[in-house]
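**Student:** Fold the following for me, if possible:
(one chain, ligands or ions: 2)
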Amino acid sequence: MSGNWAIVPVKRLEHAKSRLALVLDAQERRQLVRAMLSDVLDTLLRVSQLDGIVVVTSDGEVSRLARQAGAHLVPDIREAGTNEAVRQGLAWLGSQQNGCRLIMPADIPFLTPGEVANVISSLRSHDVALVPALRDGGTNILGLRCPARIEAAFGEESFARHLAAARAAAITPAILDLDGAGHDIDVPTDLFHSSGGEGGARTRAVLSQLSCGNPVPVAVWMNEELES
Ligand SMILES: Nc1nc2c(ncn2[C@@H]2O[C@H](COP(=O)(O)OP(=O)(O)OP(=O)(O)O)[C@@H](O)[C@H]2O)c(=O)[nH]1
Ligand SMILES: O=C(O)[C@H](O)COP(=O)(O)O
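**Tutor:** Ligands and ions are numbered 1, 2, ... in the order given. Next up, the predicted model:
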């Protein structure tokens, strides 16, 4: 056993992707979150260096998806945001002296098995690994070698916060700029920038359907955005 685990916090579907409400209705947002989560779990299952995946959620549908994918479920009894959910996942795994924890949001569908393996490898020589979001100052993967020496600080500009926390602990983090893992889908323009490469089959299918099946709202938004 490697002691390497992934932790994926997922909020209730009815609250997910609120920043996409401008262009996608509730059903479309649910459909997109399900596709992205399924792509992330499929990718993680293909990483032989991982012992398992923990999904932290209070949503019944997400729980079913996670179980079908072979993930371990931790009920989110607090529903108090990403960092509290991560803490519940870390607590369930318990502290250990070997291995690592890879913490990531459910909205990075273009993640690849090779990228995950690279993050795990980097934690052989670093206590912390960070994969920045390509666009918004977020952290798309927080890697922690066990026992963890810094805490999750997800949220606005989280990459800078994780960097500062590492430095405060006299840690030089590994920083991995990754095309797949770095692309999260949060705001409407992210819907149009699906990166090339492998991964994200379900998400790409949903995105193409949304752009084909619902051109008006998105086109109107994009047009207004481009004109503003
Ligand atoms: N279990 C759990 N996961 C959460 C919670 N809040 C956020 N998350 C998850 O943490 C990750 C980052 O979440 P956010 O970016 O804040 O939420 P989002 O649904 O992706 O997007 P917005 O609603 O537009 O902010 C995503 O995987 C979320 O599903 C929570 O209270 N509980
Ligand atoms: O850095 C973070 O908080 C997570 O990656 C989520 O960021 P997001 O709100 O940009 O999805």
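
**Student:** where does this structure come near ligand 2, residue by residue?
**Tutor:** Residues of the chain that fall close to ligand 2, judged by Cβ under 6 Å from any ligand atom: 82, 105, 107, 133, 136, 138-140, 154-155, 158, 184, 186. Backbone N, C-alpha and C define where each C-beta goes, glycine included.

**Student:** Could I have the buried ones of the residues you listed as PyMOL selection syntax?
**Tutor:** Selection of the buried residues among the residues of the chain next to ligand 2 in PyMOL, burial being defined by 16 or more other Cβ atoms under 10 Å:
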select buried, resi 82+105+107+133+138+139+140+154+158+184+186
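
**Student:** Show me which of the residues of the chain next to ligand 2 is closest to residue 113.
**Tutor:** residue 140 (15.5 Å; Cβ to Cβ).

**Student:** So what's the residue count around residue 115?
**Tutor:** Applying other Cβ atoms under 10 Å, we find 24 residues neighbouring residue 115.

**Student:** Check the gap between it and residue 161 for me.
**Tutor:** Going from residue 115 to residue 161 by Cβ to Cβ, to the nearest Å gives 22 Å.

**Student:** rewinding a little: export the residues of the chain next to ligand 2 to CSV and tack on secondary structure and pLDDT?
**Tutor:** Shown next, in CSV, are those (DSSP: H, G, I helix; E, B strand; the rest coil; pLDDT from 0 to 100):
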residue, secondary structure, pLDDT
82, helix, 98
105, coil, 98
107, coil, 97
133, coil, 97
136, coil, 90
138, coil, 98
139, strand, 98
140, strand, 98
154, coil, 98
155, coil, 96
158, helix, 98
184, coil, 94
186, coil, 93
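
**Student:** Which neighbouring elements make contact with the longest helix seen in the chain?
**Tutor:** Counting residues, the longest helix found in the chain (DSSP state H) is helix 26-45. For helix 26-45, the packing partners by 3 or more Cβ pairs under 8 Å, 6 or more residues apart in numbering; DSSP states H and E come out as strand 5-9, strand 52-57, helix 60-68, helix 113-122, helix 201-213.

**Student:** run the last query once more with 6 Å
**Tutor:** The contact analysis (3 or more Cβ pairs under 6 Å, 6 or more residues apart in numbering; DSSP states H and E) places helix 26-45 against helix 201-213.

**Student:** Taking helix 26-45 as reference, get the angle to the helix it packs on.
**Tutor:** When axes from the mean of the first three to the mean of the last three Cα atoms, to 10 degrees is applied, the directions of helix 201-213 and helix 26-45 differ by 150 degrees.

**Student:** any weak-confidence spans in this structure?
**Tutor:** Low-confidence segments of the chain (pLDDT under 70): 193-197, 211-228.

**Student:** on that earlier part again, who touches the longest helix of the chain?
**Tutor:** Contact with helix 26-45 is made by 6, 13, 16-17, 20, 53, 69, 106-107, 109, 111, 113, 200, 202-203, 206, as judged by Cβ atoms under 6 Å, 6 or more residues apart in numbering.
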